[in-house]
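Participant: Show me the folded form of this:
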Amino acid sequence: MLNFDSLIPVRRRSADKFVRIQRAANLSQDQLSERIGIDPKHLSRIELGKSFSSLETLEGIATVLQVELKDLFDFSHLEANEMDKKQIEELLDGLNQDKLRLVYKVVKSLVK
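Facilitator: Residues are numbered from 1 along each chain as shown. All right, here's what the predicted structure looks like:
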C-alpha cells in the first residue's frame, strides 16, 4: 500500500523547483494561474507543497514555463549537495580532536 506521507518530501521538492522556474520566467502567481486555467488559490497550494497537481495541470505549468515536464521533478542538484555533505562526514570520522579543531577553524574562516 502506498504511504502518502512518504511523498511529502517529493511534493515539497517539486514545489520548490516549480517556484524557482516560475520566478525565472518572471510570472506572477496570478499570471501563471490565468494562463494555465486554474484558480490562483489552487496554484498557491501547489507552490507551498500542500497539494498535488493533476497531470493536466502539470503539463500546463510546464508548457507555460517552457520547460519539459520532467524538469519539474529533477532534483539532481539537491542530491549532489546531500552527497557532498555525506562525503565530508566520512572524511571527518577518523580524525582526532586536534585535526577536528583545525578543520573547524578552516571551515569557519571559509563560511564567514
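Participant: what's around the residue nearest to residue 30 when sequence neighbours are not counted, how many residues?
Facilitator: Among residues not flanking residue 30 along the chain, residue 40 sits closest, at 5.5 Å (Cβ to Cβ, 6 or more residues apart in numbering). The C-beta positions use only the backbone N, C-alpha and C, and glycine is treated the same way. Using other Cβ atoms under 10 Å, the number of residues around residue 40 comes to 14.
Participant: Would you mind measuring from the residue nearest in space to the middle of the chain to residue 50?
Facilitator: By Cα atoms, centre = their mean, the mean C-alpha position of the chain lies nearest to residue 13, the distance being 3.5 Å. Per Cβ to Cβ, to the nearest Å, residue 13 is found 14 Å from residue 50.
Participant: With residue 28 instead?
Facilitator: 19 Å.
Participant: For burial, what's the neighbour tally of residue 30?
Facilitator: Residues near residue 30, counting by other Cβ under 10 Å: 10.
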